[in-house]
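Student: build me a model:
(one chain, ligands or ions: 1)
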Amino acid sequence: METAILLISCPDRKGILSEITRFIAENNGNIVNADQHIDFQKSIFFMRIEWELEGFKIPKLEIESAFRPIAEKFQMDYQLHFSSEVKNVAIFVSKYDHCLYDLLYRFKSGELKGNLKLVVSNHEDLKHVVEMFQIPFYYFPKNRENKLEVEEREIELLKKEKIDLIVLARYMQILSNRFVNEFRNRIINIHHSFLPAFVGAKPYHRAYERGVKIIGATSHYVTEELDQGPIIEQDVVRVSHRDTVSDMIRKGRDLEKIVLSRAVRWHLEDKILVYDNKTVIFE
Ligand SMILES: Nc1nc2c(c(=O)[nH]1)N[C@@H](CN(C=O)c1ccc(C(=O)N[C@@H](CCC(=O)O)C(=O)O)cc1)CN2
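Tutor: Okay, here's the model as predicted:
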C-alpha cells in the first residue's frame, strides 16, 4: 500500500487540522496515520499525516501543487514524501567498527528500509568488513592539508550516487561548513555521551574521571558546530564505582548502536521534523 506523507510546521491557529484533513478526504484519501504536536511556548503547530494513494483523486506528481494554496494560507513549511521512495544511504566510518557492523546487518536484513549504496572511510581498516556485505568501499585518506579537496571528491561521489542520507558511524573527521550545508539535516552522527555532557573527544574517559552514575549516547543531525546539532535520540545506562573505563566503553557501545539505528530508521521513515535546533519525532 503506497502512501503519501506530509510533514508540516506553521504558526498555530484554529482550522489547520480541518483544512488538511478536508483536502485529503475531499480527494478520496484514506488517512492511515496522523500525529500532531503544539509548541505552546512558541505557538507552533507540527503534524505528520499519512494517507493511502490508492483511489486518491489527485495524481501523485500534482499533490504538492494542489496542497500549496493551503500551505500558503497557513504559512506552512512542509515536506511531501512517498513511502515508495526508498532513500539512498552512505555510511562514513574511521576505525571503530561496532556501529558499522550493526548498521550493515540492519540494512542487509531489511530492518532498515533504505538502500545502503556505499561506505566511505578515511582509513582502510574496515574495507574487508564492508566488502563482506557486498557494499562498495571508498577510501578517502584525510589530513589537515587536504581535507577540503578530499571533501569535494566525497561530495562529487555522493551526488553521483544520489545519496539522500549520510550516517557518521563514529567517523572521526570534522566536516566542513561547505559539506554540512550541502546536506543540511541529512547527516546523522552518533556521539558517545549523553549530550550536552562531555562534548568533544574521549567522553567515556572524562565520565570516568568525573565519577558519573549514568553514561549515554546521542544521535543528532550534524551542523557546523561540533556535537551541537538537533538531537534525534538519546539513551542512558547506569554505571558505578565498580566500572572501569573499559566497562563504560562496553556498556556505552551497546547504547551507541541502538541510538544510532533508531535515528536512521526514523529519518528513513520520514518521522523527524527539525525546528529551532530541536526535533519533533513522530514515533
Ligand atoms: N561539522 C561536524 N562534523 C562532525 C561532527 C559534528 O557535530 N559537526 N561530529 C563528529 C563526530 N565527533 C564526535 O562525535 C568528532 C569527530 C572528530 C573530532 C576531531 O577532533 N577530529 C580531528 C581529527 C581526528 C583524527 O584524525 O583522528 C579533526 O577533524 O581535525 C571531534 C569530534 C564528526 N564530524
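Student: would you state the strands of the protein in chain order?
Tutor: Here the chain has its strands, by DSSP state E, at 3-11, 30-39, 44-52, 77-82, 87-93, 114-121, 137-139, 165-168, 187-191, 214-221, 231-238, 272-275, 278-281.
Student: and these: which comes nearest residue 59?
Tutor: Nearest to residue 59 among the strands of the chain is strand 3-11 (11.4 Å), distances taken as CB to CB. (Glycine included, C-beta is placed from N, CA and C.)
Student: TSV for the strands of the chain, including mean neighbour count?
Tutor: Listed next are the strands of the chain as TSV, based on neighbours: other CB atoms under 10 Å:
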stretch	mean neighbour count
strand 3-11	20
strand 30-39	14
strand 44-52	20
strand 77-82	15
strand 87-93	23
strand 114-121	21
strand 137-139	16
strand 165-168	24
strand 187-191	24
strand 214-221	23
strand 231-238	18
strand 272-275	19
strand 278-281	17
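Student: tabulate these in CSV, adding columns for distance to residue 23 and mean pLDDT.
Tutor: Shown next, in CSV, are the strands of the chain (distance: least, CB to CB, whole Å; pLDDT from 0 to 100):
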stretch, distance to residue 23, mean pLDDT
strand 3-11, 9, 98
strand 30-39, 11, 98
strand 44-52, 10, 98
strand 77-82, 12, 98
strand 87-93, 26, 98
strand 114-121, 29, 98
strand 137-139, 44, 98
strand 165-168, 29, 98
strand 187-191, 31, 98
strand 214-221, 29, 98
strand 231-238, 29, 98
strand 272-275, 19, 97
strand 278-281, 21, 98
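Student: what's the closest of the ones you listed to residue 258?
Tutor: Closest to residue 258 of those, according to CB to CB: strand 231-238, at 6.1 Å.
Student: given the closest one, what are its sheet partners and their directions?
Tutor: strand 214-221 (antiparallel) (DSSP bridges).
Student: flag every residue of the stretch 101-250 of the chain that's near the ligand.
Tutor: 168, 171-175, 180, 189, 191, 201, 222, 224, 226-227, 229 (CB under 6 Å from any ligand atom).
Student: among these, name the buried ones.
Tutor: 168, 171, 173, 175, 180, 189, 191, 222, 227, 229 (16 or more other CB atoms under 10 Å).
Student: nearest to residue 129, of these?
Tutor: residue 171 (14.6 Å).
Student: any figure for the gap between the closest residue to the closest one other than its chain neighbours and residue 28?
Tutor: In this structure, residue 171 finds its nearest non-sequential neighbour in residue 92, 4.0 Å apart by CB to CB, 6 or more residues apart in numbering. According to CB to CB, to the nearest Å, residue 92 stands 44 Å off from residue 28.
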